[in-house]
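Asks: this is the structure alone, sequence omitted:
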DNA sequence: ATTGGCGTCTACAACGTTGTAGAGTGCCGA
DNA sequence: TCGGCACTCTACAACGTTGTAGACGCCAAT
C-alpha cells in the first residue's frame, strides 16, 4: 500500500496539511519542521496520489492527441513532436486513433469518447469531419485545438498548414521545371474541406495560372494516402495511356509508392518524370532518388497547438474568439525534380 | 460546471447511491425508478467523473507505453498495434518517449516518472538498460511488462521477439543464396543484452555454423538505427575496401539506407549484393527493390503484452513468477534477395 | 497595556464516487 | 400470525488531497 499524507504526518508529528504545505512549497514553515517532514517523506517513499489531486484541482495533466493512425508516418512524426513539446509543459499525452471508415458520425463519437477520457484538453487532427459536423464540437467539455485542417468558422482554435498555397507551390515547382502534364495522386471525390480537397485546389489553381489543361485521367480519385495507394493510383494513370511528365503525390507515401511504379514501368525519375511529395518525412531523404517535397511546418504546428491548448486550459471557460494560425511551409528540393 | 450524481439525484428524487446503482447496472431497481433516473441523466448530460472513480477504485483505465521514439517507424507501428489492442480492453494508452543519450540512469528515471503518471500498468520497450539496472524495476508501483528485449532474470513478464534465432535465420537466408561475405550493420560495441547484441550473436552463429570468417571491417559498430545510420555505416564498409556480397541491416531502416548507398555506388541489388532487413515495416514492400526482411511478430507481441498486463493488473499484487514468451518470427522474402 | 500583524501550524470541509450496513416493504411458508 | 427473505432504496463513510478559516505565540507599533 502506497504511503499517504496521513502516514507522513503521523511519522513526523505534524498535521497532514503541513505535509501538504511542505510538498507544495508553502513558504511559512520552520526549517526544522520542513526537515522533519522531508525526512518522513523520504522514509515512507511518499508520492502524491494523482487521482486525489485531480479530484481536488480538476486538472489531470493529460491531453489527448486524436489522429487517424500512427501507422501513417506523418502522424507518427507529428505525435513525436507533440509528445516532445507537451513534455516541456509537464503534460502527458494520450493518443487516440480514429480509424477511417466509420464516417463523420463515427469520427465524432470517437472524438467525444476521447474528450471524456479525463483529459484537460485535446489536439485533434480532423480526418473526415465536415463543416456541419463541426458545430457539435462547440460544447466540448474541454478545450480543443484543431490541427492541420481548415474547418471554416469552426468553434475552436486551428493550427493549420497552408494546404492550398503549398500545393500550388508544389505544382508551380514542377511547372517551373518544364512540366506541362502533371498527374495528381490522392484526391478524394467530392471532398472540399479536407487536406485532399485543399491540395487539389492548389494544384488546379497552379494549372489555371499557367494556362494548363486539367485532365481528369491524371487525377484518379481515391485512397487513404498509404504507399500502396500511390502505387495503385500511379498504375491507374499509366493504364489510361494519358501522357504525363510529372507527378504530384498528395503526401510523401503516395509519391514514393508512385515513384516505385514509375521505375518498374521504365520511366526514369527525374529524367522522364518529375516527382514531388508533401510532408517532408524523414525517409524522403533516403529514397532513390531523394524525393523533393513540401515541409508543411510540422514542428511549428506542434509547438503552436500545444501552446494554444495550454492557454485555453489556463483560461478556464470560453476565453476569447477562436484563433486560426497557418504556419509557414517550404519547398524542399531534392533529386526527384532536379534536372 | 459538469453535472454530478447529486444533480441527477436531486432531479429524479432519489439518493445519489441509487443513481450510482443505475449507472453500474445494479439489478435490484424498480423499472420506473430506473427510467426516472435515466431521464434525469439524459437531461443533465451527466458523465461520471473519472478522477473520483479512480480515487475510489484505484484504477485509472490508463496504461503507459514506454518506447524510445515514435519517429522510429518500428515503434510507431508497434504503438499502433498496442493502441488497437488496448482499445479492445477499454484501456487508453499514454505514450512516453525515452530519448537515447541519457544512459541507463536517465532511462530508469524516465521510466519511474512514467510509472508515477497515474497509470494502472506499463509496457516498456527497453532501450539501453542492463541486467544490474533491471533489479530496481522490482519494486515498481504498478505491473510492468517488458517488450522486445531479453533481460535475463528480470523481475517482470517479458514478451520478446526471437532476436538471436531470427538474426541467424536472416543470415542463413543470405548464405543459402550464395553469400559468403556478409556485412552486418547496426551493431553496438560491447552491447550484449540489447537487440543489437542479440542480432549480432545470431549473425555470428550463422557464420560459424557455415564455416565463414568474421571480418570486423564488415561489421562497423555504432548508430541509432535510423536510415541515415544505415547510409553512413554502408559508406564506412565501402571505404574499407573489404569485399562483400550481402548486407544484413539490423533493422529495415538501416537496410534501406544501406541499399540507397549501394545503388549510388553502382552495386546492383540483388544482382551484386543481397540485402535483408529486420522488422517487416510497411514500407519494405515499396522500396526499390522490395526488401526481404524478418517479420518479428509485432502484432503478436502487442496482443500478448497487453493481455499479460491486464492479467497482472487484475491480480493486484505479485501474483506469480515472471513469464517469458517469445513470439514466432518469419523470413519474408522479397526482391532484394531473390536471384 | 493594548492592538495589529506576521509566522507557523491545525481542524474541517469539500472534490465525486462507491462499498457497507441497514431500513422499510411485501410476500412466502411454517 | 409471525419469522425470514428478497427486493428496493438510503445514510454514511471513505478514497487522498487542498482551500478556508482560524488558533496560537511573538514582536512591533500605538
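Replies: Looks like it came in fine. Please read these numbers as outputs of a predicted model, since none were measured by experiment.
Asks: looking at the stretch 151-300 of chain A, which residue is nearest DNA strand D?
Replies: In the stretch 151-300 of chain A, the residue that lies nearest DNA strand D is residue A:157 (27.2 Å; CB to the nearest atom of the strand). Heads up, the C-betas are built off the backbone N, CA and C, glycines and all.
Asks: quick one: residues contacting that residue.
Replies: Residue A:157 is in contact with A:144, A:145, A:146, A:305, A:308, A:309, A:312, A:322, A:323, A:324, A:325, counting by CB atoms under 8 Å, 6 or more residues apart in numbering or on different chains.
Asks: can you flag the buried ones in the residues you listed?
Replies: Among the contacts of residue A:157, those that count as buried by neighbour count (16 or more other CB atoms under 10 Å in any protein chain shown) are A:144, A:145, A:146, A:305, A:308, A:309, A:312, A:322, A:324.
Asks: tell me which element the residue nearest to residue A:143 when sequence neighbours are not counted is part of?
Replies: The spatially closest residue to residue A:143, leaving aside those adjacent along the chain, is residue A:312, at 3.5 Å (CB to CB, 6 or more residues apart in numbering or on different chains). Applying DSSP states H and E as the criterion places residue A:312 in helix A:298-315.
Asks: nearest to residue B:68 among the buried ones among the contacts of residue A:157?
Replies: Taking CB to CB as the measure, residue B:68 sits nearest to residue A:305 out of the buried ones among the contacts of residue A:157, at 23.7 Å.
Asks: rewinding a little: just send the buried ones among the contacts of residue A:157 back as TSV, with pLDDT too.
Replies: Shown next, in TSV, are the buried ones among the contacts of residue A:157 (pLDDT from 0 to 100):
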residue	pLDDT
A:144	91
A:145	93
A:146	91
A:305	97
A:308	95
A:309	95
A:312	92
A:322	87
A:324	89
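Asks: next, format the residues you listed as CSV and append distance to residue A:37.
Replies: Converted to CSV, those look like this (distance: CB to CB, whole Å):
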residue, distance to residue A:37
A:144, 40
A:145, 40
A:146, 45
A:305, 40
A:308, 39
A:309, 35
A:312, 36
A:322, 46
A:324, 49
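Asks: still on that earlier bit, how much space between the residue nearest to residue A:143 and residue A:61?
Replies: With distances taken as CB to CB, to the nearest Å, residue A:312 is found 15 Å from residue A:61.
Asks: could you do residue A:83 as well?
Replies: Distance of residue A:83 to residue A:61, computed by CB to CB: 14 Å.
Asks: more neighbours, the two?
Replies: residue A:83 (22 against 17; other CB atoms under 10 Å in any protein chain shown).
Asks: now do the contacts for that one.
Replies: Shown in contact with residue A:83 (CB under 8 Å, 6+ apart): A:93, B:70, B:95, B:96, B:97.
Asks: narrow these to those in helices?
Replies: Among the contacts of residue A:83, none falls in helices (DSSP state H).
Asks: out of the residues you listed, flag the one nearest to residue A:265.
Replies: Distances from the contacts of residue A:83 to residue A:265 were compared by CB to CB; the smallest belongs to residue B:70, at 34.2 Å.
Asks: name the member of the contacts of residue A:83 with the most neighbours.
Replies: residue B:70 (28 neighbours).
Asks: please pull out the lowest mean pLDDT helix or strand from chain A.
Replies: The least trusted helix or strand in chain A, going by mean pLDDT, DSSP states H and E, turns out to be helix A:131-134, with a mean of 69.
Asks: how far is stretch A:31-44 from where the chain is centred?
Replies: Going by CA atoms, centre = their mean, to the nearest Å, the spacing between the C-alpha centre of stretch A:31-44 and its chain's C-alpha centre is 45 Å.
Asks: is any residue of that stretch near DNA strand C?
Replies: Yes. On the criterion CB under 7 Å from any atom of the strand, stretch A:31-44 is in touch with DNA strand C at A:33, A:34.
Asks: returning to that earlier point: for the contacts of residue A:157, which one is nearest residue A:127?
Replies: Each of the contacts of residue A:157 was scored against residue A:127 by CB to CB, and residue A:146 proved nearest at 11.5 Å.
Asks: for the nearest residue to the closest one once chain neighbours are set aside, what are phi and psi?
Replies: Nearest-residue entry for residue A:146: residue A:158, 4.6 Å, with adjacent residues in sequence omitted and distances by CB to CB, 6+ apart. Reported as degrees, to the nearest 10, the phi and psi values for residue A:158 are phi -120, psi 140.
Asks: my read: residue A:158 touches residue A:309, true?
Replies: No. With contacts defined as CB atoms under 8 Å, residue A:158 does not count as touching residue A:309, sitting 11.9 Å away.
Asks: got a pLDDT number for residue A:113?
Replies: Among the per-residue scores, residue A:113 shows a pLDDT of 83.
Asks: which stretch of helix or strand covers it?
Replies: With elements taken from DSSP H and E, the one containing residue A:113 is helix A:103-115.
Asks: quick check: mean pLDDT of the following helix or strand past that helix?
Replies: Sequence order places strand A:121-125 as the next helix or strand after helix A:103-115, per DSSP H and E. Here the mean pLDDT over strand A:121-125 is 93, rounded to a whole number.
Asks: now swap in stretch A:35-54 and tell me
Replies: On average, the pLDDT along stretch A:35-54 is 94.
Asks: tell me which other helices or strands the helix holding residue A:113 touches.
Replies: For helix A:103-115, the packing partners by 3 or more CB pairs under 8 Å, 6 or more residues apart in numbering or on different chains; DSSP states H and E come out as strand A:62-67, strand A:92-97, strand A:121-125, helix A:131-134.
Asks: ok, which residues in chain A are in contact with DNA strand C?
Replies: Residues of chain A found near DNA strand C (CB under 7 Å from any atom of the strand) are A:13-18, A:21, A:27-30, A:33-34, A:52, A:55-56.
Asks: and for residue A:158 and residue A:309, which residues touch both?
Replies: With CB under 8 Å, 6+ apart, residue A:158 and residue A:309 have common neighbours residue A:145.
Asks: dump the residue contacts of residue A:219.
Replies: A:183, A:184, A:185, A:187, A:200, A:203.
Asks: three-state assignment of the residue of the stretch 51-200 of chain A at minimum distance from DNA strand D?
Replies: Distances from the stretch 51-200 of chain A to DNA strand D, computed as CB to the nearest atom of the strand, single out residue A:52 as the nearest residue at 3.3 Å. Residue A:52 falls in the helix class when you classify it by DSSP: H, G, I helix; E, B strand; the rest coil.
Asks: three-state assignment of the nearest residue to it once chain neighbours are set aside?
Replies: Of all residues not flanking residue A:52 in the chain, residue B:55 sits nearest, at 5.5 Å (CB to CB, 6+ apart). At residue B:55, secondary structure determined by three-state DSSP is helix.
Asks: which parts of the stretch 151-300 of chain A are helices?
Replies: Per DSSP state H, counting those that start in this stretch, the stretch 151-300 of chain A has helices spanning A:163-176, A:195-209, A:227-240, A:252-264, A:298-315. These are given in chain order.
Asks: where in chain A is pLDDT low?
Replies: Regions of chain A meeting the criterion pLDDT under 70 cover residues A:1, A:130-132, A:149-153.
Asks: and it, what are its domains?
Replies: The record assigns chain A these domain ranges, following automatic domain parsing: A:5-48, A:60-161+A:298-328, A:163-295.
Asks: name the residues of the stretch 1-150 of chain A found near chain B, please.
Replies: Within reach of chain B by CB under 8 Å from any CB of the partner chain, the stretch 1-150 of chain A has these residues: A:2, A:47, A:49-52, A:54-55, A:58, A:60, A:62, A:69-71, A:73, A:76-77, A:79-80, A:83-84, A:87, A:92-97, A:116-118, A:141.
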